[in-house]
Each structure stands twice: as C-alpha cells, then as structure tokens.
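Colleague: coordinates only, sequence not included:
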C-alpha cells in the first residue's frame, strides 16, 4: 500500500484544515460526488427506514408475485410481502452490520498498527505475526462456521467479521507510522517531553488518517458483500430482513418475477458502488503523483 | 532461489496452520451443549453418557484434546459428516473436483483479461478506453457475484436461451468421452465468466496502477534516455508492474473459492457449495470444520506459492 509519503510531506501537525480540503477534493471529482450522494442516501434510508417504509417487512399478504405498481412500488414476492419495505429494511440491516464491523475492525487495526509501528521491536514482531495469522484464515468460511454452530444473530456476525477484518488496516497504519515517527515534528515533540501516547494521538493518528480512511472504506464495501453472501446462503438473523435473503428467495421465481431479484440485488450493488466511489476519489485526492501523470497527458 | 529463503517461507506457513487448527478447536469447544449427551441420546443413563464421553476423549484436559485433534487432522481424519453420514474427507473428495474446475477456470479467465485490459488502459491514461475500463471495473467490483449470476441466467439462459440454466452436465443425454467434456465446458462457460467478473475488475485496476507507477520511475526514464526501444523499456517496466499481480494470487484463491461456493447455489453446480449450504443449515459441525480447514490450508499454500514466485521474480525480496 503506497499512498506515497509525498502526501504527508507537509510538515507540522496538520489538523482539521487538511482533512477539510481532502473532503473538498473528493467532492470535486465526479466519482466523489456520485459516491457521496449514493452513500448519503443509503445512510438516510437506513436511519429513516421505519418512516419511509413503516411496518413489519416479514408481513405476509395474499397478493403474491405482483409486479411493481403504484401500490407496491417494487412489487411483491412469492409470499405477498411488499418488496419496497423489505428492501428498505434490508438496507438498514446491511448498514447496521457495516457500521459495527467497520467500527470494530477500524479500532483494532488503528491501535495494533500504530502501536506496532511506533514501539517497534518485539511488540511489532508479535503484532505482525498475529496479523499474518488472522489474514490466513478465510473470513467468509469462518463466518459460515461460526453462524452455523452458534446463534445466527447480528451480534455474532458483527463479532466474527469485526475480529477478522482489521489486518490490512493494521499493516497500512504500521507502515505509515514507521515513516511518520522519524519526521521532524515528531522528533521535536518528543524532545520537548511529550509522552508516547500523546505523540500517537496528536501527531501520528491525524497523519495516518487519510490513508487509513481509504482502507477502511474499501473494507466496508467488502463487508456489505460478505453480509449479503452469508444471507444468500441462508445464514442471516431470522428477525432481520436482509438483501441477500431476498435475492435467495428470488432464485426459484426468476422466470416469473424478475423484480424479486433485480431490486434487492441492485440495492446491494449501489451500496458497494457508493462506498467504492468515495474510496476511489479519496485515493486520487491523496495521491499527487497520479495527478501529475494526469496533467502530463 | 536460495535455500534459506525457500526454507524460511515453508517454515513460515506453520504458525498460520497452527492458528487455524487452534481456532477451529476453540470454536467447537465454545459451542454450548454437551456433544456426549447429544450422541448418547436424551434417555441414556449417566454411565452411558460417561462412557461416550470417555470414548470421545472429552474427559481429558483441553490441551491433551487439542493434541489429539491435531494428530487426527494431520492423519487426514476429519470425522464423520452428520448430514451425509460418511467420512468428511470422502464428502470433500467427491465434491471438490467441480469447485476446483469452476474456480480454476475463473482464475485463468480473470488473470488473462485483467492483464490485457489493465495494460491496455494504462497505455493512454484518462483516454476514452481507460475511462470506460475504469468505470466498468468499479461497477464490476461492486456487483455481488450471486446476483450477477441470477441476472445472467435470467437474460442469457431464460430469455435468450444461449446457455443451459443450471447443472454440470445434461442429465438427459448420456454422453461419454469428448462429447461429455464438451458438455461440461458448455455448462461451465457462464458460471466461470460470472465468477471471474469481480476478479477481472480488481486485476485490471491493479495492473493499470502498477504500469502507470512504473512509467514515472527513474529507471524507465534512464532506459528511454539511453535510447532503448519502447518495447525494451516496457519489458523492463512490466516485470516490476507484475509484482502486485503476483501478490494478489493468494488472496484471490480465497475470494474465488468463496465466490464459487456461493455461486454454485445459483447454478446447481455439484461442488462444495451445496455441501456447505446443507452442512451450515443443519449445523453439521464436522463437515463445516473440515471444509474450513481444507480451504484455509489451500489459501496458506497459495500464499506460500505466491511468496516463492515473488522471490523468483524480485531477487531483492530474498534478502529480507
């Protein structure tokens, strides 16, 4: 991972001013705008799910397999459930999982990476080994195993994905920390008596943040796909509507009710696409090297 | 390649292997419920339950149980599958072929297309072709494989009738020899292509970035300055641009196999996917653990191969 050190060459503890300008640069790109709009709408739908589509998404009615109409915006499924309501609630479940998993794994990854990179030595080697170990475990299958022998609850899903999704971030943060800790402003702060934790929090983390954001965003979009994939195989929480579960239901009705597959599936794709667009624009905004090649052609 | 490098890499696979074994062991022991009671049945006497517990070795301390677990696994004994009532190794052995065929084909398709598209896109950065490829790869990487599969079946098989809707072979026709192979290939095209899509997207981007990054480097400028032909220049750059592609092989084995497993449900492909789905839904512990172990070991081995390849392509790595 090499968002080059050139980006961080701006010395001195750069605080909020730079992150605001990064956001502006993201919003200046078409992909960035599209990403922010998509991700923003998904967040809104997730937050307001009960307002937008009130009621029980599992509610069965006699009007089965109806195509999209003014009554049922996205049609109904084989059990007469309103697909609009189901998709909205599915988006909410997916978002909940992503937020928790991302939060959990970002905390572990940031802490492990920053501590390993800053302290070095035996701690570094130990954390690196742990990272390699977790990385070699296939996440998807471990989640399958855990959800099949334990409760299929959202909590278990979040725990198993959260504790296995931090490795890439830890590696990236470690590498960045290694390069930052030799910079002038860190040296000067240390010589004026700042403690290790203060240096980490005040100087290292803010500088690592932009690069970490890209990794976190890309990780989040994989979590959307993982959650959907697990639900597609029937391993979702019985009480939570899930987009993957809806696509699975559509399997036997492909030739009669295309809408059962098209809407939940594209909802997953839009969620992932939105996050990826943001990550992509963020990478571009942070990488002046690529901008220079752009200018040259 | 230096022997020390080789030896160090091979030894390096041991900690992850140990980790996977430990983790699966711990998960099994964290599951609520007494397996001895389950096996002996509700009405069994206390003595009978004790007997079963002793037979299973559950009365011994955990570390001892772990050692015997590792021993059993290394001897290739993965226990009995409850859902299939035969040894787990037999179940996996019967079904692994189609999965390997599917993911192998997808690996081949995605590597070829990724290299071709990525280097073509890098030729004129931000040109029209580059933009199309870039957008397509963003979209391709975002679409869930199982849903893309349904859409492909809906459009290409159900509506247009270009491909078979499902299965591995045409069961109505008893084909042999070349015809049989051709029949499998015909059934394979659609699932393998669908499975390859997100990998093509990923590789295209990686190759494009790799080539672009190399083209700005000093050594490329030097090569140009001393008058080498453009073909020679890019042959220098290509070797370095390929490094990230090689790094990804290990990770892609994991992606492809998990993708294949989910995809098999859509196409009724008779591989490990159906076994896993049944096992997961029936909480068939032995089968699940057996599968996780087999897949984890293949990912670890793929990573080993990646490392060795890496050392061969980039001699600098060997000194690390």
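Modeller: Yep, that arrived. All figures in this text were calculated on a predicted structure; none of them were measured in a lab.
Colleague: how about residue B:115, what does it touch?
Modeller: Contacts of residue B:115 were listed using CB atoms under 8 Å, 6 or more residues apart in numbering or on different chains, and they are B:203, B:207, B:245. The C-beta positions use only the backbone N, C-alpha and C, and glycine is treated the same way.
Colleague: again, only this time at 7 Å
Modeller: The contact partners of residue B:115, by CB atoms under 7 Å, 6 or more residues apart in numbering or on different chains, come to residue B:207.
Colleague: any idea of the mean pLDDT in the helix or strand where it lies?
Modeller: Under DSSP states H and E, the secondary-structure element containing residue B:115 is helix B:88-123. For helix B:88-123, the per-residue pLDDT values average out at 92.
Colleague: then stretch A:227-241?
Modeller: The average pLDDT within stretch A:227-241 is 92.
Colleague: same thing with stretch B:2-9?
Modeller: What stretch B:2-9 shows for mean pLDDT is 82.
Colleague: quick check: closest non-adjacent residue to residue 29.
Modeller: No chain in the question, so chain A it is. Here the nearest residue to residue A:29 in space, its sequence neighbours aside, is residue A:281; by CB to CB, 6 or more residues apart in numbering or on different chains that works out to 4.5 Å.
Colleague: chain B is the one I meant
Modeller: Excluding its sequence neighbours, the residue lying closest to residue B:29 (CB to CB, 6+ apart) is residue B:62, at 6.9 Å.
Colleague: returning to that earlier point: show me what counts as buried in whatever helix or strand the residue nearest to residue A:29 lives in.
Modeller: Per DSSP H and E, residue A:281 falls inside helix A:259-286. Neighbour counts using 16 or more other CB atoms under 10 Å in any protein chain shown place A:259-286 of helix A:259-286 among the buried residues.
Colleague: what's the spacing between the nearest residue to residue A:119 once chain neighbours are set aside and chain B?
Modeller: Nearest in space to residue A:119, with sequence neighbours left out and distances taken as CB to CB, 6+ apart, is residue A:196 at 7.8 Å. According to CB to the nearest CB, to the nearest Å, residue A:196 stands 28 Å off from chain B.
Colleague: what sits against residue B:57?
Modeller: If you count contacts by CB under 7 Å, 6+ apart, residue B:57 has them with B:65, B:68.
Colleague: ok, now with 10 Å
Modeller: With contacts defined as CB atoms under 10 Å, 6 or more residues apart in numbering or on different chains, the neighbours of residue B:57 are B:64-65, B:68-69, B:72.
Colleague: ranking these by neighbours, who comes first?
Modeller: Across the contacts of residue B:57, neighbour numbers were computed from other CB atoms under 10 Å in any protein chain shown; residue B:69 holds the maximum, 21 neighbours.
Colleague: that one belongs to a helix?
Modeller: Yes. Note on residue B:69: a helix contains this position according to DSSP: H, G, I helix; E, B strand; the rest coil.
Colleague: which non-adjacent residue is nearest it?
Modeller: Here the nearest residue to residue B:69 in space, its sequence neighbours aside, is residue B:25; by CB to CB, 6+ apart that works out to 5.4 Å.
Colleague: right, and the residue nearest to residue A:29 touches residue A:38 too?
Modeller: No. In terms of CB atoms under 10 Å, residue A:281 does not count as a neighbour of residue A:38; the distance is 11.8 Å.
Colleague: which element is the residue nearest to residue B:69 on?
Modeller: Residue-wise, residue B:25 maps onto helix B:14-30 under DSSP H and E.
Colleague: next, the residues that contact that helix from outside, please.
Modeller: Contacts made with helix B:14-30 from outside it, assessed by CB under 10 Å, 6+ apart, are listed as A:129-130, A:132-138, A:142, A:145-146, A:149-150, A:160, A:164, B:35, B:58, B:62, B:65-66, B:69-70, B:73-74, B:285-286, B:288-290, B:292-293, B:295-297, B:299-301, B:303-304.
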